[in-house]
Structure formats: C-alpha cells, structure tokens
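# This is the structure alone, sequence omitted:
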Ligand SMILES: *Cc1c(COP(=O)(O)O)cnc(C)c1O
C-alpha cells in the first residue's frame with residue numbers, strides 16, 4: 001500500500017484508553033470498580049448542567065453559535081477581560097493544538113517540561129514541529145532555568161503546565177515572573193491552567209491576574225476538571241486580542257457545540273457549588289497525600305486533584321495491583337503513577353489497597 005500519512009507521525013505512541021470501570025468490574029465479578037485515572041471530579045455534573053444540555057437538544061438540528069458569543073461574554077465578565085481576548089474550543093487540548101498550529105511551522109520548536117501532559121508531544125508532532133522536553137527537577141517540578149536555556153532560534157512556544165499534570169507540582173509567582181521576563185518577546189508562553197481551581201498555595205499563580213497584561217502570555221483553561229464537564233469538551237484561552245482573533249479564525253468551525261455552550265453557561269452560574277466541590281477535593285488531597293507520603297516518601301505535594309507516586313520501575317506493577325482490587329489508576333511505565341482523588345470512601349479504599357501493595 002502506498003504511504004498516505006506522514007512518516008514522522010509513525011513514532012507517536014498510539015492512544016491507549018484507560019480501562020472502563022464497568023469492564024473491569026465484570027471481569028472481577030464485582031458490582032463496581034473505581035476509576036481514579038483521568039483527573040475527573042467525582043461528584044457528577046454541577047447543578048443545572050444536565051438540564052441545560054437537555055434543553056439545548058431541542059435545537060441540535062441547527063448549527064451552534066459560531067462566535068460562542070454568550071459563553072465568551074459570560075467568561076469575559078467573570079474574568080474581567082474583554083471578550084475579544086477569549087477563544088473557545090473542543091477542550092483546552094484542542095485550543096492548545098490551534099495555538100501550536102498558529103505559531104509553529106514544520107521544524108519549529110516547542111519547549112516544555114517532561115514529564116508533563118501527554119497531549120503535548122502529540123499536538124506538537126501533529127503540525128510537524130519539534131518537542132524540546134526539559135527534564136523535571138528531582139522534586140518533580142518544572143526546571144524553569146533549564147527551560148529558559150532550552151529556548152533557541154527555532155523556539156516559537158514554551159508551555160508551563162501549572163499545576164503540572166501528572167506530578168501536581170506548581171510554579172510560584174516570583175519564579176514564573178522572572179521566567180516570563182527572560183523569555184524573548186516573540187516566543188509565546190502558554191500557561192496551561194487546567195487545575196487552577198485546586199491550587200491553594202498562597203503563592204499560586206493566576207495567569208490572568210498576574211500576567212494577563214503580557215502580550216506573549218496565553219492562559220488556557222478548561223471546563224473538564226473542576227467544572228465537571230469532561231464529557232462535553234469545552235476549553236478556552238485568554239490571550240491578546242490578536243492571538244485570540246487568530247485562533248477564532250482557524251478553530252475547527254462550530255467545535256464548541258451547542259450542548260457544550262449551554263452547559264458551560266450553566267456551570268458558570270453554579271460557580272459557588274464548583275468552589276465548594278473543589279474545596280472538598282482539596283481537603284481529600286491533603287489527607288490522602290499525607291497518607292501516601294508515609295508509603296512513598298518522595299511523593300510530591302500536589303496543587304491539583306491528583307497525586308504522583310514516583311514508583312519508577314514499580315509503576316506498572318502498582319497499577320496492576322490496584323486493578324486487581326478494582327481500582328483504576330494511571331501508570332507511566334518506568335516513571336510513576338498518577339492517582340486522581342475520588343470521594344472519601346473511594347480514597348479510603350485506594351489507600352488500603354496501596355498499603356497492601358507496600359506491605360507485600
Ligand atoms: C485535562 C487537562 C487539560 C484539559 O483537557 P480538555 O481538553 O479541556 O479536556 C489541559 N491541560 C492539562 C495539563 C490537563 O491535564
């Protein structure tokens with residue numbers, strides 16, 4: 001067969017979906033399994049969201065609002081920025097993909113920390129750009145000095161994942177300010193703030209409040225995590241008018257679908273409940289992390305809704321052990337395991353399973 005797709009894409013890993021809890025439960029002959037693998041919040045959709053989706057289905061024979069006007073306006077009001085600075089997409093991963101496409105020609109470079117979000121190498125390779133991965137510090141966080149040093153003449157973008165998925169570490173304000181000051185003005189700095197709502201450090205960065213006035217800083221956010229809308233696929237960026245306008249031009253048309261637009265508006269109206277739930281997650285985080293650190297002393301403190309267990313060669317073995325006990329976690333072979341926080345009962349169950357592993 002003649003080659004139809006680009007040869008450079010062959011090296012990308014194929015996407016391996018996480019196990020479905022229903023399949024695992026059936027295999028183990030149990031009523032249910034617990035999924036702590038995808039950084040979702042365990043409390044269901046926010047109040048009003050399911051109703052908003054149901055209502056939106058009445059007009060699904062029509063195209064959605066291409067300009068996403070109502071949602072962008074609601075976000076603009078909430079964030080205190082002009083709606084012209086906002087662009088939405090089918091999840092913030094899609095928004096990032098559009099940003100890479102808008103900045104990089106084949107052979108250009110994107111610098112980011114590694115290990116970080118698995119989607120980065122994929123969206124970078126998608127446009128034929130080159131990933132420059134800068135190893136995390138021994139404490140599992142971004143090495144901003146090394147990232148700065150990795151910026152070269154071909155670098156078009158640098159991504160700061162804050163807090164970082166999958167390690168949960170975060171970069172504080174002063175260090176990030178010094179970094180942003182030092183990055184050349186013509187390199188786009190993307191602050192990926194998918195987990196912002198869970199960050200409680202006094203020093204926690206809010207990309208908009210702290211760096212929203214910088215022309216080369218773009219903040220990306222999502223409704224998938226704290227806002228409980230992972231299945232509806234909505235994310236957005238806030239950047240300069242020029243950047244946001246460019247992304248609105250190249251975005252896959254209508255990719256923020258009508259159910260997602262209505263749902264996101266309903267979610268924003270339930271912000272108090274989102275905050276209450278995020279606080280529950282944070283309380284669980286402190287409790288579970290303290291227990292985990294007794295088993296895995298170098299597990300870093302997390303500012304997100306998951307914890308990183310740097311188990312290295314035992315990562316897959318640990319995940320298999322959890323799975324045999326009906327708990328699905330996310331291993332990264334040879335590196336570590338990421339465990340999302342569930343309800344307190346689910347977390348208790350996870351902790352006892354983890355204790356069982358280390359007792360062996
Ligand atoms: C989950 C996540 C996102 C958001 O993904 P969506 O496409 O909006 O669901 C973005 N960045 C990071 C680092 C994430 O972990």
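Yes, it's here. Everything numeric here is computed off the predicted structure, so don't read it as measured data. Numbers count the residues shown, from 1 in each chain.

# residue ranges for the strands of the stretch 201-350 of the chain, please.
Using DSSP state E, counting those that start in this stretch, the strands of the stretch 201-350 of the chain run over 217-222, 235-238, 306-309, 327-328, 330-332, 336-340.

# would you turn those strands into TSV with mean neighbour count and distance to the ligand?
For the C-beta atoms, the positions are set from N, CA and C on the backbone; glycine is no exception. Listed next are the strands of the stretch 201-350 of the chain as TSV, based on neighbours: other C-beta atoms under 10 Å; distance: least, C-beta to the nearest ligand atom, whole Å:
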stretch	mean neighbour count	distance to the ligand
strand 217-222	26	3
strand 235-238	25	4
strand 306-309	27	9
strand 327-328	22	17
strand 330-332	21	11
strand 336-340	27	10
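
# Could you name the stretch from those that's closest to residue 64?
Residue 64 sits nearest to strand 235-238 of all the strands of the stretch 201-350 of the chain, at 14.7 Å, using C-beta to C-beta.

# Which elements pack onto the closest one?
helix 69-79, strand 86-89, helix 92-103, strand 217-222, helix 241-250 (3 or more C-beta pairs under 8 Å, 6 or more residues apart in numbering; DSSP states H and E).

# Can I get the strands of the stretch 201-350 of the chain in a markdown table including distance to residue 83 and mean pLDDT?
A markdown table is the format used below for these (distance: least, C-beta to C-beta, whole Å; pLDDT from 0 to 100):
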| stretch | distance to residue 83 | mean pLDDT |
| --- | --- | --- |
| strand 217-222 | 15 | 98 |
| strand 235-238 | 10 | 98 |
| strand 306-309 | 32 | 98 |
| strand 327-328 | 39 | 98 |
| strand 330-332 | 36 | 97 |
| strand 336-340 | 32 | 98 |
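
# Of those, which is nearest residue 8?
strand 330-332 (23.3 Å).

# Would you give the sheet partners of the closest one, along with the direction of each?
Using DSSP bridges, the strands paired with strand 330-332 are strand 336-340 (antiparallel).

# on that earlier part again, quick one: closest of the helices and strands packed on strand 235-238 to residue 351.
Using C-beta to C-beta, the nearest of the helices and strands packed on strand 235-238 to residue 351 is strand 217-222, at 27.8 Å.

# ranges for the helices of the stretch 151-300 of the chain?
Along the stretch 151-300 of the chain, counting by DSSP state H, counting those that start in this stretch, helices occupy 173-182, 207-211, 241-250, 258-269, 271-295.

# Enumerate every residue touching residue 228.
Listed by C-beta atoms under 8 Å, 6 or more residues apart in numbering, the contact partners of residue 228 are 40, 41, 43, 44, 45, 46, 49, 267, 274, 277.

# Let me know the pLDDT of the closest residue to the fifth one other than its chain neighbours.
Pointing back at residue 45 there. Closest residue to residue 45 apart from its sequence neighbours, by C-beta to C-beta, 6 or more residues apart in numbering: residue 228 at 5.2 Å. Model confidence at residue 228, given as pLDDT, is 98.

# Tell me the spacing between residue 228 and residue 39.
From residue 228 across to residue 39, the span is 12 Å (C-beta to C-beta, to the nearest Å).

# joint contacts of these two?
Common neighbours of residue 228 and residue 39, using C-beta under 8 Å, 6+ apart, do not exist here.

# got the helices and strands packed on strand 235-238 as CSV, with distance to residue 126 columns?
Shown next, in CSV, are the helices and strands packed on strand 235-238 (distance: least, C-beta to C-beta, whole Å):
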stretch, distance to residue 126
helix 69-79, 25
strand 86-89, 14
helix 92-103, 6
strand 217-222, 16
helix 241-250, 13
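
# Compare these and give me the one nearest residue 130.
helix 92-103 (11.2 Å).

# The closest one vs the ligand: in contact?
Yes - Helix 92-103 lies within reach of the ligand by C-beta under 6 Å from any ligand atom, at 92, 93.

# Can you name the next helix or strand after that helix?
strand 109-114 (DSSP states H and E).

# Any residue of that following strand touching the ligand?
No - legend: contact between strand 109-114 and the ligand by C-beta under 6 Å from any ligand atom is lacking; minimum distance shown is 10.3 Å.

# tell me the angle that strand makes with helix 92-103.
Here strand 109-114 runs at an angle of 150 degrees relative to helix 92-103 (axes from the mean of the first three to the mean of the last three C-alpha atoms, to 10 degrees).

# and strand 109-114, what other elements does it pack with?
For strand 109-114, the packing partners by 3+ C-beta pairs under 8 Å, 6+ apart come out as helix 119-126, strand 130-135, helix 144-150, strand 155-161.

# mind redoing it with 10 Å?
Other helices and strands packing on strand 109-114, by 3 or more C-beta pairs under 10 Å, 6 or more residues apart in numbering; DSSP states H and E, are helix 92-103, helix 119-126, strand 130-135, helix 144-150, strand 155-161, strand 188-192.

# quick one: that strand to chain centroid distance?
The chain centre lies 16 Å from the centre of strand 109-114; the measure is C-alpha atoms, centre = their mean, to the nearest Å.

# residue contacts, the nearest residue in space to residue 176 that is not next to it in sequence?
Spatial nearest neighbour of residue 176, excluding adjacent residues (C-beta to C-beta, 6+ apart): residue 205 at 5.5 Å. Residues in contact with residue 205, defined by C-beta atoms under 10 Å, 6 or more residues apart in numbering, are 160, 162-163, 170-177, 191, 193, 196, 199, 211, 219, 303.
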